[in-house]
Structure formats: C-alpha cells, structure tokens
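# Quick one: sequence plus predicted model below, questions after.
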Amino acid sequence: MQTAIWWIRRDLRLTDQTALTAALQEAGDVVPLFVIDPALTEAKNASPKRQVFLQQALQSLDGELRQRGSRLILRRGSPAEVLAQVAAESGAAAIYAEADYSPYARRRDAAVAHSLPLKLVGGPSLHHPEAVVKADGTPYTVYTPYMRAWKSQPLPRPDSILPAPSRIPFPALELVSEIGELNLPTDAAQIFPANEAEAQHRLMAFAEGATPRVFQYVDLRNRLDLNGTSQLSPYLRFGMISARQAVVAVQVAEVRATEGLARKSAETWLNELIWREFYMTILYHFPDVLQQSFRADLRQIPWRNDVQEFAAWCEGRTGYPIVDAGMRQLAHTGWMHNRARMIVASFLVKDLLVDWRWGEGFFMEHLLDGDPAANNGGWQWTAGTGTDAAPYFRIFNPVLQGEKFDPAGEYIRQWVPELTNVPDERIHKPWEMTELLQAEVGVKIGRDYPQPVVDHGMARRRTLDVYQMEKMVAVQNRRGRRG
DNA sequence: TGAAATGTTGGGGCG
DNA sequence: ACGCCCCAACATTTC
C-alpha cells in the first residue's frame, strides 16, 4: 500500500476535493497535512481574526476526517521542512495539493517541488490564470473581454462535482499532530461558523430551492440594510466550497429561472465570481501590483497620509455615518458588505487622500475573506490606479450613497447605535441637526458622535486637482524622457 | 459599480 | 393676451 500526503492550504473541504481524490487514486493511504507557516502567520498584515477562523476550520475538518477513518496532521514550521519531515516519517511517495496562485504561494510551492514530489491539482479558481488569455497569449487587463473569454471556456457539468469520500484510509502510523493543542475561543454566536457544512448550507440556501435568494440578487445586492448577498466570501477564501461548486450551482439556478430578472440576477452573481478570478489572473501575471499602482501614470500621487485621519477611518469615527457603520461592521464581524467596502475605500482614498495601500493593509488585517488578489484588485479599482479601474473622477458622496443604499438608516443604526434616535432625514448627515434637535435625540455632534473629519465637497475638489496634476506631470515626464 | 456643474424645457405667477 | 421671469424637472456635459 502506497502512502501520499494531501497537503491542505486554502481548500479546507472534502466535497469536490480534487487534490484529495487524486491522492486516494494514486496511493492507498493518505496523510492529510496542514502546515501553519510562520511566513504567513507572522507576515505584515497577518490577521488574528482570520487565524482564528482558519484554526476553527481545521478543527472542524479534523472532525470530518475522523468520521472517515482519518485525521488531520497539523504541524508548524517552514512548509518545505515540515513536508520533508512528514514524508520521511510516513514513507509518502508523493504530495498532492490544490494549486494556489498568489506570488508567495507560487514561490513556496516551487521551493517544495525542487526537492519533493509535489503534484498540484485543481485550484482556487475555475479556470487557471493562463487558460483565459487573449489570442496572442497575453493576459486580459479589462474585465469585460476577460469575462467573455472566461464564459467561452468549457464549464463544468453539474454531475462533475466530486462527492466527499466516505472513507479516507490513514496509514498505520503514529504521527504527531498539534491539532489538539489549538486553543480556540468558544464563541457560539459567530456570524461565520468555520466549517464546511455551513459553507455548503449557505450555497444551498442562496442558490437552490424553489425561489432562491440569488434570483433577487440584482435588486438587493447593493442594499446595505438587507441580506441580499450570499455572504460566502470567507468560505470561498478558504475553499470550504470550491469555485466549481459555486459556478455549477448558479448555472443550474440560471437554467431554472423562468423570468428575466431571476436569470439576470443569477448571471450577475456569476459575474462576481468571475471578478474574483479576474483579479487572481491579474495578480498572477502582474505580481507587482502588490507593491505599486498598475497604472504607471498614477504612481507618484502626493498622498496626505494624515495618521490621525487614518486612525479615525480605521476606528469608524469619521463623522460620516455610512463610512463609520461599514468600518464598525468590519471590526465587529470580520466582514463588510461590498457596497460598504466601495464607500469606505472611496472615502479613505479620495476624501482623505490616504495611500490605497494603507487601506489594503488594514482590510487584510481584518477581513475573514482577506485575499491578496481580490483585496488588491478592489483597492486599485477604487483608487483608479488598477486594471479596468474606476475613473479618477468617480468619487462617492457618502451622504448620497447612504441615502440610496440604506434609505431608512437601518444599517447605520445597527452599527452606529449612538445615532439610533436621529430622524431618517438626518441620519446620513447628522451634523445638519439643529442644536435643539441634537438635544432632543440625545446626540451632541462633536461629543457623542464626531463632527465630519473633512468636508466632502472640499475633499472632492482637492482630489480632482491632485489626480489631474499627477496625470499632467506623468505626461510631461514621458515627453521629457523621450526628448 | 458617481456626482456635480451646466444646459434645456415648460408650466405658472405676474405685471 | 402677452412677454418676462423664476425655477423645478430633466438632460447633457464635465470632472
């Protein structure tokens, strides 16, 4: 009987588990291994929240494995060393893992493959970053043509989703595992329970059934006060469902949709999954975007980087209720509605003129779904510095965004409770309340809730000036170098 | 997956 | 009855 290692990274599931399936097919016994890698846990912008989520998911996965005659081997250390050690201890002839395309992951895997028989199978996206490229082999840098090419590739059949194996033979060996030593907070009222069953359940609740929520996605997805999105991002991030499963589920839903709006809704959600793969592809082909703006003409913006204003943003006390609600939702739950992400990001970059990389880092420290490709893509989009980015002059007005997407102020009242009694007409601009009204509703602006950290109208004109100047300078520099 | 500034139109008040 | 003005409502342009 041959033994193989199933090296688990960001694919913490047993359903549609191509790497595990390959290991089971090629060898009889399988050692499921997760390596806690100090290069990740001690990296800049590492996230304690995400670490807890991960460790809970590992504990849950260990339980699932035990029901199938296996168990999770958890070790700490450099992956290359740990893998060599476990291979020696178990006599494993091969290591199977789902591919991972981040720059660090590719370096790490290349180093492992240099000395060990590593076989990468499948990946966190449906299509490999090299599979969806232009006719001349170069990558797409604009979303829409990428999306069309993505959809023109062969898509999985619903019956191609692999069921979770019922038995996973483990070699007759004693292998040390640190899984029992995890010291986890037991917070029963978690918003994102970290286990595969929860992920599968959420996908089902969102995309299956007679009238699945995905059929209303177009109408509700931007509403901050309603539960219109799938809230699957942490689970996709850690592969507790596969991208293939999500795509198959939404395709099936789309076929079943009888009316146009339902079909369009399913299509819109699929497009969001494709944005995820678009940004993975961008990072794969342009790893430099983690260091600097994709667009060369916007690399020298004179950011203000006011540390006190940045702190006000981080802590949800900018004085703009919709911004503060988003930031507090993030701090409290490790997740933020996507519309809120755009609003708070626009505010940080375009109202406060803080370097988008500061915001990117903060999000990485707090988001359960924090992923370098998607997070970087989103921030560069907002800053107008990225691929297919928002134009520099697109600046969100936090009051109008609030009025549009949280019309009754319910999202604000949930996360900024000090404003609970502010009337709807003032909930998005509480600083306009008269002294009398402030006294009536028990909120003195400047004492109980902050004065706006900056005037939006002034900030908007300031940013337009700065970006315009920056583009002019870039054009002149190009001329200067040429002539 | 914006918002503000500017332009146009047309109804109604008014002398 | 007519012309003038105001301005809301909508459209277009600009950032």
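Perfect, thanks for sending it.
# Get me the contact residues on the stretch 301-450 of chain A for DNA strand C.
Contact residues (Cβ under 7 Å from any atom of the strand) of the stretch 301-450 of chain A with DNA strand C: A:391, A:393. C-beta coordinates here come from the backbone N, C-alpha and C atoms, glycine included.
# I'd guessed A:His456 sits against A:Leu400; true?
No: using Cβ atoms under 8 Å, A:His456 makes no contact with A:Leu400, being 9.6 Å away.
# Looking at the two, which one has more neighbours?
A:His456 (19 against 12; other Cβ atoms under 10 Å).
# if I look at A:Asn305, how far off is A:Glu360?
Computed as Cβ to Cβ, to the nearest Å, the A:Asn305 to A:Glu360 distance reads 14 Å.
# quick one: which of these two has more around it?
Ranked by neighbour count (other Cβ under 10 Å), A:Asn305 and A:Glu360 place A:Glu360 first, with 24 against 12.
# Quick check on A:Ala94: phi, psi?
Main-chain torsions, A:Ala94, degrees, to the nearest 10: phi -150, psi 160.
# Oh, that last question was meant for A:Tyr140, not what I typed.
Dihedral angles (degrees, to the nearest 10) for A:Tyr140: phi -70, psi 140.
# Spell out which residues make up each domain of chain A.
A:3-123, A:125-164+A:195-285, A:296-471 (automatic domain parsing).
# Tell me, please, where in the stretch 101-250 of chain A the pLDDT is lower than the cut-off.
By pLDDT under 70, the low-scoring segments of the stretch 101-250 of chain A are A:186-189.
# what about the strands in it?
Using DSSP state E, counting those that start in this stretch, the strands of the stretch 101-250 of chain A run over residues A:118-121.
# Leaving out the residues flanking it, which one is nearest to the closest residue to DNA strand B within it?
Using Cβ to the nearest atom of the strand, A:Tyr143 is the residue of the stretch 101-250 of chain A that sits closest to DNA strand B, at 6.2 Å. Sequence neighbours aside, A:Asp388 is the residue nearest to A:Tyr143 in space, at 4.6 Å (criterion: Cβ to Cβ, 6 or more residues apart in numbering).
# cool, and A:Trp269?
Counting by Cβ to Cβ, 6+ apart, the residue nearest A:Trp269 is A:Tyr217, at 4.9 Å.
# looking at it, A:Ala390 is touching A:Trp379, isn't it?
No: the criterion here is Cβ under 8 Å, and A:Ala390 misses it with A:Trp379 at 11.0 Å.
# The two: which is more packed in?
Set A:Ala390 next to A:Trp379 and count neighbours by other Cβ under 10 Å: A:Trp379 wins out with 26 against 19.
# Which positions in whichever strand or helix holds A:Leu464 come out as buried?
When elements are assigned from DSSP states H and E, A:Leu464 belongs to helix A:456-482. By neighbour count with 16 or more other Cβ atoms under 10 Å, helix A:456-482 contains the buried residues A:456, A:459-460, A:462-463, A:466-467, A:470, A:474.
# and what of stretch A:38-55?
Across stretch A:38-55, burial judged by 16+ other Cβ under 10 Å covers A:40, A:47, A:49-50, A:52-55.
# now, which of the residues you listed sits nearest A:Asp448?
A:Lys49 (28.3 Å; Cβ to Cβ).
# Could you measure from the closest one over to A:Ala194?
Relative to A:Ala194, and taking Cβ to Cβ, A:Lys49 is found at 11 Å.
# same thing with A:Arg13?
Counting by Cβ to Cβ, the gap between A:Arg13 and A:Ala194 amounts to 12 Å.
# Would you mind listing the residues touching both of these two?
A:Met240 (Cβ atoms under 8 Å, 6 or more residues apart in numbering).
# can you tell me how far the closest residue to A:Met240 other than its chain neighbours sits from A:Ala27?
In space, not counting the residues next to it along the chain, A:Met240 is nearest to A:Ala199; the distance is 3.8 Å by Cβ to Cβ, 6+ apart. Per Cβ to Cβ, A:Ala199 is found 27 Å from A:Ala27.
# between those two, who's got more neighbours?
The neighbour count for A:Ala199 versus A:Ala27, taken as other Cβ under 10 Å, is higher for A:Ala199 (27 against 21).
# and the more buried one, what does it touch?
Applying Cβ under 8 Å, 6+ apart, the residues near A:Ala199 are A:13, A:232, A:235, A:240-241.
# let's see it at 7 Å
A:235, A:240-241 (Cβ atoms under 7 Å, 6 or more residues apart in numbering).
# which ones among those residues are found in helices?
Within the contacts of A:Ala199, residues falling in helices by DSSP state H are A:Tyr235.
# Quick check: PyMOL command selecting the buried ones in the contacts of A:Ala199.
Per 16+ other Cβ under 10 Å, the buried members of the contacts of A:Ala199 correspond to this PyMOL selection:
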select buried, chain A and resi 235+240+241
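# wait, which of the contacts of A:Ala199 is closest to A:Pro372?
Nearest member of the contacts of A:Ala199 to A:Pro372, counting by Cβ to Cβ, is A:Tyr235, at 17.7 Å.
# That's all I had, so thanks and see you.
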